[in-house]
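Chemist: Got a sequence here, can you model it:
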Amino acid sequence: VCGAVHAIPWKFWAYAGGGSFMYGSVIPFWFYGSGFLQRSHGYTVAEADTLMVVPEGLLCVLSIPVGIVVDRFGFGLNVLQNAFAVCAVLIAASHAALAAGGNPVAAVMCLGFAYAVCNQLMWAVFPRYCPAHLMSLGAGIAACFINLSATIVPAVVGSVRVAPGVSAAEADVAMFSIFASLAMVSAAVIAALSWGVFERGGAKAGYTVVVEEEAKRMELEMDEV
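Modeler: Numbering: from 1, shown residues only. Here you go, the predicted model:
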């Protein structure tokens, strides 16, 4: 077991961590979003719960079209990584807008769109980070990371909310700050991956490795055609 885990490359751990931060910035919002909408925007329970369904609904609607586009145009790894990073920043911006009292419908719609794209792109690049002979182990590690963030973050937010002397408004700002920070960390990690920071030799050498790997992949695809 230790040998198999040790064989996982550093870039995969970074990939799994970046994805985990992204999920940690979104999934816990499902636990607290409805209450926030009722407190801060006067939504009824039914209205708040209906809006909270939108992000997962967009995930269902957009995942297949995004996957088709990725497959059809054969985007390189760097393009997919940068698209993930941009959408992670959109997630952070959505949380910031909610914390600042912005339009909740627009913010949640933006959050849902960005989450749907990030989710699809994370799994689209999975085979490019995980060694082929360790796919099952890699899937287990990624799932473990995702569920760890979805477990730990709600507990942290809950601890903040019940802290003595913290008002509901202050707790809301703290909650969205946590979510936005996680999304920005996710964007930074995935962007660093696109520059090869987690490759041996640092960013410059790593970026060269990434480019060379992409060139080889495209050459093999052309040969298959």
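
Chemist: what's the closest non-adjacent residue to C87?
Modeler: Excluding the flanking residues, the one nearest C87 by C-beta to C-beta, 6 or more residues apart in numbering is A114, at 4.1 Å. Where you see a C-beta, it was placed from the backbone N, CA and C, and this is true even at glycine.

Chemist: Helix or strand next in line after the helix or strand hosting F113, which one?
Modeler: Taking DSSP states H and E as the definition, F113 sits inside helix 104-124. Using DSSP H and E, the helix or strand that follows helix 104-124 in sequence is helix 126-129.

Chemist: what is the mean pLDDT for that following helix?
Modeler: On average, the pLDDT along helix 126-129 is 90.

Chemist: Report the mean confidence score over the following helix or strand past it.
Modeler: Going down the chain from helix 126-129, the next helix or strand is helix 135-161, by DSSP H and E. Taken as a whole, helix 135-161 carries a mean pLDDT of 93.

Chemist: repeat for stretch 86-93
Modeler: Mean pLDDT, computed over stretch 86-93, is 97.

Chemist: From E47, how far out is the residue lying closest to Y43 once chain neighbours are set aside?
Modeler: Nearest residue to Y43 in three dimensions, chain neighbours excluded: L37, at 4.3 Å (C-beta to C-beta, 6+ apart). Distance, L37 to E47, by C-beta to C-beta, to the nearest Å: 7 Å.

Chemist: who has more neighbours, the two?
Modeler: L37 (23 against 14; other C-beta atoms under 10 Å).

Chemist: what kind of secondary structure is the residue nearest to Y43 in?
Modeler: Recorded secondary structure, L37: helix (DSSP: H, G, I helix; E, B strand; the rest coil).

Chemist: Now do the longest helix seen in the chain: which elements does it pack against?
Modeler: Of all segments of type helix in the chain, defined using DSSP state H, the longest is helix 45-73. Counting by 3 or more C-beta pairs under 8 Å, 6 or more residues apart in numbering; DSSP states H and E, the packing neighbours recorded for helix 45-73 are helix 29-41, helix 104-124.

Chemist: Pick the most buried one from the ones you listed.
Modeler: Burial of the helices and strands packed on helix 45-73 is given as mean neighbour count (mean count of other C-beta atoms under 10 Å); helix 104-124 ranks first at a mean of 21.

Chemist: Measure how the strand or helix carrying I91 sits relative to helix 104-124, angle-wise.
Modeler: Assigned by DSSP H and E, I91 belongs to helix 77-99. Angle, helix 77-99 to helix 104-124, by axes from the mean of the first three to the mean of the last three C-alpha atoms, to 10 degrees: 150 degrees.

Chemist: Can you point out the buried residues in helix 77-99?
Modeler: 77-78, 80-85, 87-99 (16 or more other C-beta atoms under 10 Å).

Chemist: and it with helix 29-41, angle?
Modeler: Computed by the same axes, to 10 degrees, the angle between helix 77-99 and helix 29-41 is 40 degrees.

Chemist: For the protein, give me the ranges with low pLDDT.
Modeler: Scanning the chain for pLDDT under 70 picks out 1-2, 200-225.

Chemist: rerun at 90
Modeler: 1-10, 55-56, 73-77, 128, 130-134, 194-225 (pLDDT under 90).
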